[in-house]
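Student: would you be able to build a 3D model of this:
(one chain, ligands or ions: 2)
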Amino acid sequence: MKELIQKLPKAELHLHIEGTLEPELMFTLAQKNNIALPYQNIEEIKSAYNFTSLQSFLDIYYAGANVLINESDFFDLTWAYLLTCKAQNVVHVEIFFDPQTHTKRGIAFKTVVDGITKALTKAEEELGISSFLIMSFLRHLSEADAFETLEQSLPFKDKIIGVGLDSSEVGHPPSKFERVFEASAKKGYKIVAHAGEEADSSYIWEAINLLHVNRIDHGIRCEEDVKLVDFLIEKQIPLTICPLSNVKLKAVKRMQEHNIVKLLRQGVLVTINSDDPAYFGGYINENYEAVVKSLHVNKEEIKTLAKNSFKASFLSEVKKQFFIETISTY
Ligand SMILES: Nc1ncnc2[nH]cnc12
Ligand SMILES: [Zn+2]
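Tutor: Numbering: from 1, shown residues only. Ligands and ions are numbered 1, 2, ... in the order given. As a prediction, this is how the structure comes out:
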């Protein structure tokens with residue numbers, strides 16, 4: 001199975017580029033940019049990654065992102081991730097970035113976008129990896145703040161395919177951002193949102209009915225509501241699930257209890273993704289392997305998961321079909 005997972009072409013649809021900051025690069029950039037870290041060495045960084053909830057992770061994740069200052073830092077971060085994609089046969093990526101995490105610290109929107117997109121362009125040319133960029137609004141901040149970010153993004157619209165919603169979920173429902181998502185859709189952005197990761201299934205309904213999402217990020221709490229699961233199946237609204245993340249952040253107790261395979265067998269369009277791989281102990285292949293090990297999926301189901309990653313992507317129908325047919329030959 002490990003060999004099959006490695007060989008299959010895959011797309012990654014739920015990946016926060018700030019969440020690919022490995023401790024080694026965090027340390028190097030901190031020294032280069034003269035940023036104080038609350039850790040003396042790489043071992044101390046790694047041992048801080050013992051999360052009890054989404055918020056306990058986010059506190060450390062935002063502190064880590066403080067080392068990203070220059071365009072070249074964003075380039076190096078993104079390029080390192082793309083090299084891992086190449087090694088794992090990930091051929092298409094749809095990457096999130098959190099503009100507010102950086103603009104709040106005085107880093108220009110342009111610095112962030114230029115650094116990331118230069119790496120994405122190089123990856124297309126040199127590694128054959130295609131990509132789209134999605135900017136996420138931080139839901140713990142205000143609606144006004146999100147509107148300001150939407151405005152800032154407009155000069156870079158040709159580089160950004162869509163908008164998302166992430167950060168602290170409970171207490172910040174999709175309804176808080178209904179108007180800014182409506183404005184984003186009017187500008188032509190595609191729409192995704194984190195929902196039902198920690199918060200209940202009503203957040204998923206809101207993401208569908210109020211934000212009009214193209215897909216749901218996480219969405220694992222859909223299973224609380226049979227009508228919602230039926231709706232996801234009927235409309236084939238994709239869920240971008242991140243198994244290792246869910247266990248690390250205690251959204252799911254143990255991998256053996258994860259519902260991804262149950263949802264897959266019911267006909268939900270689920271995909272496997274890594275979320276913040278530098279923090280959660282694995283990139284995409286390690287997520288597939290963890291699911292195989294604990295949930296006894298068979299070869300055909302693995303292939304379906306890989307096919308789903310293309311089906312749920314923003315690629316053209318022709319490209320989707322090409323990858324789906326290629327996977328069928330394995
Ligand atoms: N898993 C996650 N949930 C919400 N916001 C995030 N930002 C980065 N990773 C996230
Ligand atoms: Zn996420």
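Student: who's residue 130 bridged to?
Tutor: For residue 130, the beta-bridge partners under DSSP bridges are residue 92.
Student: contacting residues around it?
Tutor: Applying C-beta atoms under 8 Å, 6 or more residues apart in numbering, we find residue 130 in contact with 91, 92, 93, 124, 315, 319. Glycine gets a C-beta too; all of them are placed from N, C-alpha and C.
Student: repeat that with 10 Å
Tutor: 11, 91, 92, 93, 94, 120, 123, 124, 313, 315, 319 (C-beta atoms under 10 Å, 6 or more residues apart in numbering).
Student: now, those that are in strands?
Tutor: Among those, DSSP state E puts 11, 91, 92, 93, 94 in strands.
Student: just these that are near ligand 1?
Tutor: Among the ones in strands among the contacts of residue 130, none lies close to ligand 1 by the criterion of C-beta under 6 Å from any ligand atom.
Student: make a markdown table from the residues you listed and add distance to residue 213, pLDDT and neighbour count to it.
Tutor: Output for these, formatted as a markdown table (distance: C-beta to C-beta, whole Å; pLDDT from 0 to 100; neighbours: other C-beta atoms under 10 Å):
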| residue | distance to residue 213 | pLDDT | neighbour count |
| --- | --- | --- | --- |
| 11 | 18 | 99 | 29 |
| 91 | 24 | 98 | 22 |
| 92 | 20 | 99 | 23 |
| 93 | 19 | 99 | 25 |
| 94 | 14 | 99 | 27 |
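Student: and which of those residues is nearest ligand 1?
Tutor: The closest of the ones in strands among the contacts of residue 130 to ligand 1 turns out to be residue 94 (C-beta to the nearest ligand atom; 14.5 Å).
Student: what segments of the stretch 101-250 of the chain are helices?
Tutor: Here the stretch 101-250 of the chain has its helices, by DSSP state H, counting those that start in this stretch, at 109-126, 143-153, 178-186, 202-209, 226-235, 243-248.
Student: ok, then the element right after the helix-or-strand element of the chain with minimal mean pLDDT?
Tutor: Counting by mean pLDDT, DSSP states H and E, the weakest-scoring helix or strand in the chain turns out to be helix 42-47, with a mean of 91. Using DSSP states H and E, the helix or strand that follows helix 42-47 in sequence is helix 54-65.
Student: quick one: list the elements packing against that following helix.
Tutor: helix 23-33, helix 99-103, helix 243-248, helix 277-280 (3 or more C-beta pairs under 10 Å, 6 or more residues apart in numbering; DSSP states H and E).
Student: how about those in TSV, adding mean neighbour count and mean pLDDT?
Tutor: TSV is the format used below for the helices and strands packed on helix 54-65 (neighbours: other C-beta atoms under 10 Å; pLDDT from 0 to 100):
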stretch	mean neighbour count	mean pLDDT
helix 23-33	17	96
helix 99-103	21	98
helix 243-248	24	98
helix 277-280	25	98
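Student: re the thing from before, for ligand 1, find the nearest of the helices of the stretch 101-250 of the chain.
Tutor: Using C-beta to the nearest ligand atom, those put helix 243-248 closest to ligand 1, at 5.4 Å.
Student: next, the one residue in the stretch 1-150 of the chain that gets nearest to ligand 1: phi, psi?
Tutor: For the stretch 1-150 of the chain and ligand 1, the shortest gap (C-beta to the nearest ligand atom) falls at residue 16, measuring 4.1 Å. Main-chain dihedrals, residue 16, degrees, to the nearest 10: phi -90, psi 120.
Student: for it, which residues are in contact?
Tutor: With C-beta under 10 Å, 6+ apart, residue 16 has these contacts: 61, 65, 95-98, 101, 134, 136, 164, 166, 217, 242, 245, 274-279.
Student: can I have the buried ones of those residues as a PyMOL selection?
Tutor: If you want just the buried ones from those in PyMOL, going by 16 or more other C-beta atoms under 10 Å, the selection is:
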select buried, resi 61+65+95+96+97+98+101+134+136+164+166+217+242+245+274+275+276+277+278+279
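Student: just to revisit the earlier point, switch the contacts of residue 130 over to JSON lines; also include distance to residue 147.
Tutor: Shown next, in JSON lines, are these (distance: C-beta to C-beta, whole Å):
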{"residue": "11", "distance to residue 147": "31"}
{"residue": "91", "distance to residue 147": "35"}
{"residue": "92", "distance to residue 147": "31"}
{"residue": "93", "distance to residue 147": "28"}
{"residue": "94", "distance to residue 147": "24"}
{"residue": "120", "distance to residue 147": "26"}
{"residue": "123", "distance to residue 147": "32"}
{"residue": "124", "distance to residue 147": "32"}
{"residue": "313", "distance to residue 147": "28"}
{"residue": "315", "distance to residue 147": "30"}
{"residue": "319", "distance to residue 147": "33"}
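Student: alright, calling it a day.
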